[in-house]
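S.K.: Show me the folded form of this:
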Amino acid sequence: MDLFQAMKTFTAVVEAGSFVGAMDALEISKPAVSRHVAELEEHLGTRLLQRTTRRLSLTDEGLRYYQRCKEVLQAVQEAEAEVGAASGRVHGWLRVGAPQTFGALHLAPLWGRFAAENPQVVLDIVLSDRVVDLVEEGYDLVVRIARLPDSNLVSRVLAYTRMVLCASPDYLARHGTPRQPHELAQHDVISYSYWSSGDVWSFTGPQGEVSVRTRSRIHANNGDTCRAAALAHQGVILQPDFLVHEDLHSGRLVALLPGFQTVRLGIYALYPTRRQLPLKVRRLVDFLVDALRQQPWAEPPSPGG
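M.R.: Purely as a prediction, here's the structure:
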C-alpha cells in the first residue's frame, strides 16, 4: 500500500463528500478510490467512514485521522514549495476566488498569461460576490474589494477603486438631476444587495459626512445587472469606477453630485496566515500587483449634471 496516496485519497473523499467526487478531483478510477480507503482502514485497524446508500460521514477516529492527514499533506506541500523556491519553479493546484464583475472584466484577461508563465500550475478560478471562508473552503488566495482587509488574513493591496454615483442622461432628463444627497430619496435607485450599508448611501461633502436612505426600485447581487438597469434608464446606481468608467467617458452614464466624495475601496489579495507561504501563491500575488499597476479606471471624467 502507498500510504501517502491512501492519505491523499481519504482526504479527497472527505472534502468532496463522496467517492465519485474524490475520483474526479484526483483523476483516478472509483475502484482505485475505494481500494485506497479500504487498505487504509485495514492498515489502521479501524473504520474511518460510515457509508450508507444516501450519505457518507466520518467516524470519530476518521475525523481525528482526517485532521492529521491535512497537517501532513500541508507539510509536504510546504516542503515542495521550499524546494521549488530554490529552483524557481512553481507547480500544483491553485484555487483562487474573486468578485464576479471585477473577476470577469479585469482578471479574466490575465489568467492565460499567468498560466503560460507557470505551466505546471493548475488554476481553479471561482467567481462569487459572497464573502468566502478561505480556510474552510480551501482557497489559496482570494481577491476582495473592501474598505479594510480581513485582519485575520494576510493582505496585499493590488489597486484601488472609487464608487461612482451615476445615471443615464435619459433618466435624468425625465426625473431631474439631484444636486444634494438628500434628493436621492426621491429618485429611483438600483441597489447592490451586498453593499455593506444597504439602502443607506453616505457621502462626504463640504459640511462633512451625510447619509441618505434611498428607495430601491431594483435590487441585484451583481454589479453588471445594476449597470445594465441604469443603461436602460431605470434609475441611479452607486457602482465602482472599474465597472462604469467606459460608460462615463462615452456619455452613456453621467456622474452625479460633483461636490460630494464617495467611498474609496481597496482591491486586496488575501491569503491565510502561514509560516511558509507557498511559492505558487507568492508568484501569483506578485503577478497581480504588477499586472494591475496600470489602472484604466483610475481617472473617470469630472462629475457632470
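S.K.: going forward, measure contacts and count neighbours with C-alpha atoms only.
M.R.: Will do.
S.K.: what distance separates the start and the end of stretch 135-142?
M.R.: Terminal residues of stretch 135-142 are spaced 11 Å apart (CA to CA, to the nearest Å).
S.K.: Apologies, that question was intended for stretch 49-65.
M.R.: Termini of stretch 49-65 sit 11 Å apart (CA to CA).
S.K.: Which of the residues in that stretch are classified as buried?
M.R.: Neighbour-count burial for stretch 49-65, counted by 16 or more other CA atoms under 10 Å, picks out 49, 58, 62, 65.
S.K.: and the third one, what is it in contact with?
M.R.: When you say that, I think you mean Gly62. Contact partners of Gly62, counting by CA atoms under 8 Å, 6 or more residues apart in numbering, are 47-49.
S.K.: And the pLDDT at it?
M.R.: Listed pLDDT for Gly62 reads 91.
S.K.: same question, the second one
M.R.: Model confidence at Leu58, given as pLDDT, is 89.
S.K.: what's the answer for the last one, then?
M.R.: Residue-level confidence at Tyr65 comes out at 92, pLDDT.
S.K.: Am I right that it is in a helix?
M.R.: Yes. Assignment of Tyr65 by DSSP: H, G, I helix; E, B strand; the rest coil places it within a helix.
S.K.: got a list of what it touches?
M.R.: So Tyr65 contacts Leu48 (CA under 8 Å, 6+ apart).
S.K.: Could you do the first one as well?
M.R.: Leu49 is in contact with 56-59, 62, counting by CA under 8 Å, 6+ apart.
S.K.: Pull up the gap between Asn118 and Ser29, please.
M.R.: 28 Å.
S.K.: Endpoints of stretch 142-156, how far apart?
M.R.: For stretch 142-156, the first-to-last residue distance is 11 Å (CA to CA).
S.K.: ok, for Leu48, nearest residue in space, not its chain neighbours?
M.R.: The spatially closest residue to Leu48, leaving aside those adjacent along the chain, is Gly62, at 3.9 Å (CA to CA, 6 or more residues apart in numbering).
S.K.: For this structure, which segments count as helices?
M.R.: 3-16, 19-26, 30-44, 60-87, 100-102, 108-117, 169-175, 223-231, 241-250, 279-291 (DSSP state H).
S.K.: dump the residue contacts of the residue nearest to Thr204 when sequence neighbours are not counted.
M.R.: Counting by CA to CA, 6+ apart, Thr204 lies nearest to Gln261, which is 4.9 Å off, once chain neighbours are set aside. By CA under 8 Å, 6+ apart, the contact set of Gln261 is 203-205.
S.K.: do that again at 10 Å, thanks
M.R.: By CA atoms under 10 Å, 6 or more residues apart in numbering, the residues touching Gln261 are 162-165, 202-206, 208-209.
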